[in-house]
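[1] here is the input, now give the coordinates:
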Amino acid sequence: MKKNTALFNILLTFLSLSACSLSLAETSAPVNEATDDNKEDRSYITPTPQASRISALETSLRIRHLSHQIDTLKANEEPFLTLYQPSLTSSTQGCVIILHSDNEHPDWPDAVAPLRNALPEHSWCTISIEVPDIIKRAEAISTQIIVQEDNAQAVELPNQDVVFARILATITKAQSNEIEEFTLLGYKTGAAYALNFLANNPDTASALMLIDIETPATTSHYNLAQQVRGIPQPILDYYVNNHAGSNQFAIWRKQSANQREEAVGDFIQLDAVPDRVTGKKSKQLLVQRVRGFLKQNTNQIDQRKTLPSVKKGLFYESP
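    Residues are numbered from 1 along each chain as shown. Below is the predicted model:
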């Protein structure tokens, strides 16, 4: 009797497992079919880091009640962001056009934001321009080198046409607001664009400021340095000499500046390392360097005012 009971239990267990297997097979089949259908309809999202970065910047400015600084312009039918800060004094010297570095934005905290926010206190308006990313995912970077008739090599940087068009559109907009004098300031790869732009458009700005200049990938340091020869305007070359490559690049820029034939302003090269070791004061020193350069190397509007008359007061007694 016990044997029959044990045999019956084994048979019952076997039948239960078989029923479970059939149930699982039936329920899994539609899932697999749905999965196959989803594969056909699956779409991949292309990352847009620059658009996300600019969107986050706009949100941050609105949270800080600074949305009035945002001005969207167009160049070649493509919109781009600019941040405008008017001069905070009664006399505007001109406008500083600022170009940020690769994979950054027009309010980048390292150098761009301190300069664009501080210079208006010293009679300069500032316009910081959105510069398209150079390094993108799964996209090769190409650089063209054009040989000119005088055997000098003119470098065409990645996205150069786009950046140049944005600078010209910014100048045109500022001129409509009665701004007459412009200077260019670039940070890292933004400085490479500023340098090459003024070399190709020598009548657009009265001075050039290069802050820790870097060449885009695959671009020749030597060829970019040669563009200094074609810029007669005053140039501030404020760079960080922290390795042999940066030192050699700085030497080439200095040599190129010494070969300028029609220079109308000085080439001032400063090693930023002594300023950097001061820690938190380094940004303040950077602002002072740029402000001092502008004051000494651009046409300054006379800002001297007559002293206000002294109000004697009701109880004034003549001596």
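[2] lowest-pLDDT helix or strand in the protein?
    strand 144-147 (a mean of 44; mean pLDDT, DSSP states H and E).
[3] continuing past that strand, what's the next helix or strand?
    strand 153-156 (DSSP states H and E).
[4] what does the helix or strand that contains residue 193 contact?
    Applying DSSP H and E as the criterion places residue 193 in helix 189-200. For helix 189-200, the external contacting residues (Cβ atoms under 8 Å, 6 or more residues apart in numbering) are 98-102, 131, 134, 154-155, 157, 160, 163-164, 167, 184-186, 204-205, 208-216, 219, 224, 227-228, 230-231, 233. Quick note: C-beta positions are derived from backbone N, CA and C, even for glycine.
[5] buried members of those residues into PyMOL, please.
    The PyMOL command for the buried members of those (criterion: 16 or more other Cβ atoms under 10 Å) is given here:
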select buried, resi 98+99+100+101+102+131+134+154+155+157+160+163+164+167+184+185+186+204+205+208+209+210+211+212+213+214+215+216+219+224+227+228+230+231+233
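[6] and residue 48, how many neighbours?
    By other Cβ atoms under 10 Å, 12 other residues sit near residue 48.
[7] where along the stretch 201-319 of the chain do the helices fall?
    For the stretch 201-319 of the chain, the helices defined by DSSP state H, counting those that start in this stretch cover 221-225, 244-258, 273-276, 282-297.
[8] quick one on the thing from earlier: in strands, which of the contacts of helix 189-200 fall?
    Among these, DSSP state E puts 98, 99, 154, 155, 184, 185, 186, 208, 209, 210, 211 in strands.
[9] what residues are up against the first one?
    It stands for residue 98. Residue 98 neighbours (Cβ under 8 Å, 6+ apart): 106, 112, 115, 116, 126, 127, 128, 129, 185, 186, 187, 190.
[10] surely the first one touches residue 100?
    So that's residue 106. Yes - using Cβ atoms under 8 Å, residue 106 is in contact with residue 100, at 5.8 Å.
[11] list residues touching both of those two?
    Joint contacts of residue 106 and residue 100 (Cβ under 8 Å, 6+ apart) are 112, 128, 129, 130.
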